[in-house]
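Peer 1: sequence and predicted structure, then a few things I'm wondering about:
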Amino acid sequence: MTFDHDLKASVRTIPDYPKPGIMFRDITTLLADARAFRRAVDELVHPWAGNKIDKVAGMEARGFILGGAVAHQLSAGFVPIRKKGKLPHTTVRIAYSLEYGIDEMEMHVDAIHPGERVILVDDLIATGGTAEGAVKLLRQIGANVMAACFIIDLPELGGAAKLRAMGVPVRTLMTFEGH
Ligand SMILES: O=P(O)(O)OC[C@H]1O[C@H](OP(=O)(O)OP(=O)(O)O)[C@H](O)[C@@H]1O
Ligand SMILES: Nc1ncnc2[nH]cnc12
């Protein structure tokens, strides 16, 4: 993990959103800050510069913003993993839980060719339920999941450890304690 005070200072915390007891780590302030946004994307991309990455997969919705930028930087394709009912072609689907709810996510069955090297990107990992579901879908259609990267880790909720236990290397740029 790279600790960067300026980048961390650009994240806003909203207590009790979307439910009482949740400390919501809001990246819209980071995204709106041109230097912070560029720095975050550069830091996420850094270990992969010069490596062959076929696809970047991003989870709706915040993972789209970051994943698109990362894919562009790596000259890779982008694959959206969407909440159910939004993709028009044949999908694979999985139910998952996250820090403040449950849902189902989908991706197109033909979004990735078997053996392609894929990086998963999202803004934040908390319980890891969302990322775990995404890795399962990617592996189901034959992806070689090289790593997962996030701007924010909430380590007390165990998501990064859960992903590593699935054999996925995890990169995060900052942590928040007291989720
Ligand atoms: O590690 P977890 O406990 O699974 O939580 C992390 C997920 O929660 C947030 O997404 P959310 O479902 O709120 O969707 P959004 O990006 O559309 O706001 C975040 O962007 C991650 O995808
Ligand atoms: N505490 C949190 N802040 C922002 N997004 C989240 N997704 C899951 N937990 C979150």
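Peer 2: Received it, and whenever you're ready, just let me know what you need. Ligands and ions are numbered 1, 2, ... in the order given.
Peer 1: for the chain, what lies in contact range of ligand 1?
Peer 2: With C-beta under 6 Å from any ligand atom as the criterion, the chain meets ligand 1 at residues 59-63, 98-99, 122-130, 159. For glycine as for every other residue, the C-beta is placed from the backbone atoms N, C-alpha and C.
Peer 1: residue nearest the middle of this protein, spatially speaking?
Peer 2: Asp122 (1.8 Å; C-alpha atoms, centre = their mean).
Peer 1: which stretches of this structure aren't confidently modelled?
Peer 2: Where the chain drops to pLDDT under 70, the residues are 1-5, 179.
Peer 1: how about the strands in it?
Peer 2: Counting by DSSP state E, one finds strands in the chain at the ranges 12-15, 23-26, 55-59, 77-83, 91-98, 101-108, 117-125, 144-153, 170-175.
Peer 1: what does this structure put close to ligand 2?
Peer 2: Residues of the chain lying near ligand 2 by C-beta under 6 Å from any ligand atom: Ile22, Met23, Phe24, Arg25, Leu98, Glu99, Leu124, Ala126, His179.
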